[in-house]
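Peer 1: I would like the atomic coordinates for the input below:
(one chain, ligands or ions: 1)
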Amino acid sequence: MAPAPTDFDVAVVGAGPAGAAAALGALHADPSLRVVLLDRSDFPRDKACGDGVAPHVLDLLAEVGVTGLVDDQVPVARLRLGFGGLVAERPMARPAWVVPRQVFDARLVDAAVTAGVRFLRHRVRALRQHADAVVLDDQISAAVVVGADGAHSAVRRVLGQPRGPVALALRGYAPVAPGWRGAQVIEFGTRHQPSYAWSFDRGDGLANVGYGELLHEGRPAPSRALLLERLEVLLSGAAEGGQHWAGHHLPLSMARWRPLAGRVLLVGDAARLVNPLTGEGIHHAVATGIAAGRAAAAALRDERPERAGEDYVRATRRILQPHLRHTAVVARLARSTRLIEAGLRASAADQRVFDDFVELGLAHGRLTRTVALGLGRALLTPTRPNGRHQEPA
Ligand SMILES: Cc1cc2nc3c(=O)[nH]c(=O)nc-3n(C[C@H](O)[C@H](O)[C@H](O)COP(=O)(O)OP(=O)(O)OC[C@H]3O[C@@H](n4cnc5c(N)ncnc54)[C@H](O)[C@@H]3O)c2cc1C
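Peer 2: Numbers count the residues shown, from 1 in each chain. Below you'll find the predicted structure:
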């Protein structure tokens, strides 16, 4: 019997970076596909974020034909990492960008629409899987569905997938402090582990400033006032004149991650893929989004849409699994104050260690031999009597 016709070949739920990338990945692989991108909001829309966009994100987008997305933005060349008086400040191997998500996400959705996606404002509440299609809210049917609906994903909930460890972070926009111009500044917390405050220069006189920390099971989440207080303790003055405060959860990645087989694929925050070291999630959102879109296109080409999940498992195993394992190891090590200090001293002493840490925190880097040797050296090197050691910038 011929399969029942579906409204769409691919339906993507959520039009953030993961969802837009999934739509682009599918259409780049096969421009004839009928792809719908659903979001509960119209675009442009805000999203609480540090707005830090790693250069690797732009590399990935270029692979699916999207270029020039940040050409009118000011790149940020320096990264300053601080912890309890220790500082490692260096140029990054490649500059990063700080682009308000209101701008970045809308541009990605525009790129997807230009590529041929149909954008619909629609909040997905229910999903039913049939033998030959997936039906959303009894209204929209598709051969493959990509769940890209963020930290509180309705699609993940329907699939019965747990949420895992979660951090909470608050961000605002404030005039950039003179000492932090042209830099992404991260100050790790010494009292609440893991936690950090940031000030990311947007290049237009404002900085994205914020603070986030891991939430602990059974303990109440910190209030907005407490998050702001902790931001002030770590980066005094950064929040002065701040506006547009907004908070959101970050579902952190773990060492083990295995997507489900079948017709429903989870990507980005919906798949719990925020880097536990840095809170960076856009890279993994775009990487998994593109991989899911391509997997859907390949499965549809083979007339086996029910195999899309398996293709996705294969593609992401290669690009993500070792990185996720290594990140989990470093996140565990970073619970030790001594190791954070050693990491900072090693980064301050050696550009290559710094670069490898940046790769681990921003994209798909691994715990390299250079980092291991740098950490070992720093642990064996005596510090000043107070344990503090500040390298020149
Ligand atoms: C304060 C803060 C700071 C951060 N800083 C950074 C940073 O500097 N750099 C970085 O890389 N990452 C950062 N992150 C993480 C980053 O924001 C996320 O990892 C990223 O947004 C994930 O993209 P996504 O497309 O998976 O989800 P989202 O960007 O959350 O997009 C999900 C989309 O789904 C839509 N949606 C939700 N539910 C439904 C539904 N039921 N039906 C239809 N649509 C729905 C939403 O409207 C939204 O548009 C930060 C996060 C926070 C909270």
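
Peer 1: which SS class is Lys47?
Peer 2: Assigned with DSSP: H, G, I helix; E, B strand; the rest coil, Lys47 falls in the coil class.

Peer 1: for the nearest residue to it once chain neighbours are set aside, phi and psi?
Peer 2: Distances taken as C-beta to C-beta, 6 or more residues apart in numbering place Arg101 nearest to Lys47, at 4.1 Å, with adjacent residues excluded. For glycine as for every other residue, the C-beta is placed from the backbone atoms N, C-alpha and C. Backbone geometry at Arg101, expressed as degrees, to the nearest 10, gives phi -60, psi -30.

Peer 1: same thing with Trp198?
Peer 2: phi -140, psi 160.

Peer 1: if I pick the residue in the chain positioned nearest to the ligand, what's in contact with it?
Peer 2: Nearest residue of the chain to the ligand, counting by C-beta to the nearest ligand atom: Gly281, 1.8 Å away. Residues in contact with Gly281 (C-beta atoms under 8 Å, 6 or more residues apart in numbering) are Leu250, Gly268, Asp269, Leu273, Val274, Asn275.

Peer 1: I'd like to know which of those residues is nearest to Val209.
Peer 2: The closest of these to Val209 turns out to be Leu250 (C-beta to C-beta; 16.5 Å).

Peer 1: For stretch 362-374, measure first residue to last.
Peer 2: Length of stretch 362-374, first residue to last, C-alpha to C-alpha, to the nearest Å: 19 Å.

Peer 1: which of the residues in that stretch are buried?
Peer 2: By neighbour count on 16 or more other C-beta atoms under 10 Å, the buried set for stretch 362-374 is Leu362, Ala363, His364, Gly365, Arg366, Leu367, Thr368, Thr370, Val371, Gly374.

Peer 1: same check, this time on stretch 127-147
Peer 2: For stretch 127-147, by 16+ other C-beta under 10 Å, it's 127, 132-136, 140-147.

Peer 1: Repeat that for stretch 331-349.
Peer 2: 331, 333-334, 339-349.

Peer 1: And for stretch 240-260?
Peer 2: For stretch 240-260, the neighbour count (16+ other C-beta under 10 Å) marks 242, 245, 247-254, 257, 259-260 as buried.

Peer 1: Also stretch 47-63?
Peer 2: In stretch 47-63, counting by 16+ other C-beta under 10 Å, buried: 47-58, 60-61.
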